[in-house]
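Student: Make a model of this:
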Amino acid sequence: MRKAFIQLHIAVLLAGFTGVLGRLIVINESLLVWYRMLFAVIFLLIISLFSKKIEKLSLKKMLPLLGIGSIIALHWVTFYGSVKYANISVSLVCFSAVGFFSAVVDPLISRRRFQLIEILLGLMVMLGVYLIFHFDQDFRVGIIFGLISAFLAAIFPIFNKKLISKYSPDTITFYEMGGGCILLTFVVPLYMQFMPVQSYVPGLKDLIWLIILSLFCTVLAFNLSVRALSQISAFTVNLTFNLEPIYGILLAFLIFKEHLELGLSFYAGLFVIFTTVVIQSIRVAKNLAT
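Tutor: Predicted coordinates for the structure are as follows:
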């Protein structure tokens, strides 16, 4: 379990770079995610030539993985939409609402009892998000996108938890990235009717950032988080990912000087969210010790 906890935190650290890369990449958010998932599939295929860890599945077994990949694709599109309509800091903090959604949705899907401590921690996160939502009306569209993204992010680890005992992390990652890519192949042209762009092809800088995003922040990070799910609950995984805003926000402050755009309410909300992560980390650490 200790190894799984370390893998999880490495995945969260890598995920902290996604917001920065989303701002550096100038193409539309739906195209960004389509390229991200396409490149991830290509990288996984290349890796599988040496590792042989991707299993060939029947259509019946493949469909649940493709469906989860579609949820992931929509989660990423709304996340990057939040980055572009608000900023990195706001979108990453909204992502912290995943803890609340997970505390509510996980028991319903997994058919287990509701945990009062999980509900309370989730509500603390929502209080933090509310403080940030309240501070600036200019970011409200981005915040709404961020909350939709958080809801979708709470769902797919719960379904993945049920599949980790059946398939290898490489197999899960490959088919889910492929499922998201297939969905977006049909969705992107429709999305472009409302959000038209001048070019569907990324420039050289965008291409470099997309490769980094796909290889390290997608293939490696997603693989590590799936491995962690074999030992750690979906709620703990989701709540630990609330550290992603901390890493991402610090990077946004250093690179884009976003601290100049944010007020006192933002930091109050951030403090509340960080406190919930610390409390849950202490709870997990006690479980590891016993």
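Student: Pro169 against Asn223, yeah?
Tutor: Yes: in this structure Pro169 lies within contact range of Asn223 using Cβ atoms under 8 Å: 5.0 Å. (C-beta placed from N, C-alpha, C; glycine too.)
Student: Which helix or which strand is home to Tyr167?
Tutor: Using DSSP states H and E, Tyr167 sits within no helix or strand.
Student: ok, and the closest non-adjacent residue to it?
Tutor: Counting by Cβ to Cβ, 6 or more residues apart in numbering, Glu55 is the residue found nearest to Tyr167 once chain neighbours are left out, at 6.3 Å.
Student: now do Met195
Tutor: Using Cβ to Cβ, 6+ apart, the nearest residue to Met195 is Asn28, at 5.8 Å.
Student: these two touch, right, the one you found and Phe194?
Tutor: No: with contact defined as Cβ under 8 Å, Asn28 and Phe194 do not form a contacting pair (10.5 Å).
Student: got any ranges where the stretch 51-200 of the chain has weak pLDDT?
Tutor: Scanning the stretch 51-200 of the chain for pLDDT under 70 picks out 133-138.
Student: repeat that for 90
Tutor: Counting by pLDDT under 90, the stretch 51-200 of the chain has low-confidence residues at 51-54, 83-144, 146-147, 150, 153-170, 173, 189-200.
Student: Counting by contacts, list what whichever helix or strand Lys61 is part of packs against.
Tutor: Element membership of Lys61, judged by DSSP H and E, is helix 59-85. Where contact means 3 or more Cβ pairs under 8 Å, 6 or more residues apart in numbering; DSSP states H and E, helix 59-85 is packed against helix 18-24, helix 29-51, helix 88-95, helix 140-163, helix 169-194.
Student: Please identify the most buried of those.
Tutor: Using mean count of other Cβ atoms under 10 Å, the stretch among the helices and strands packed on helix 59-85 with the largest mean neighbour count is helix 88-95, at a mean of 29.
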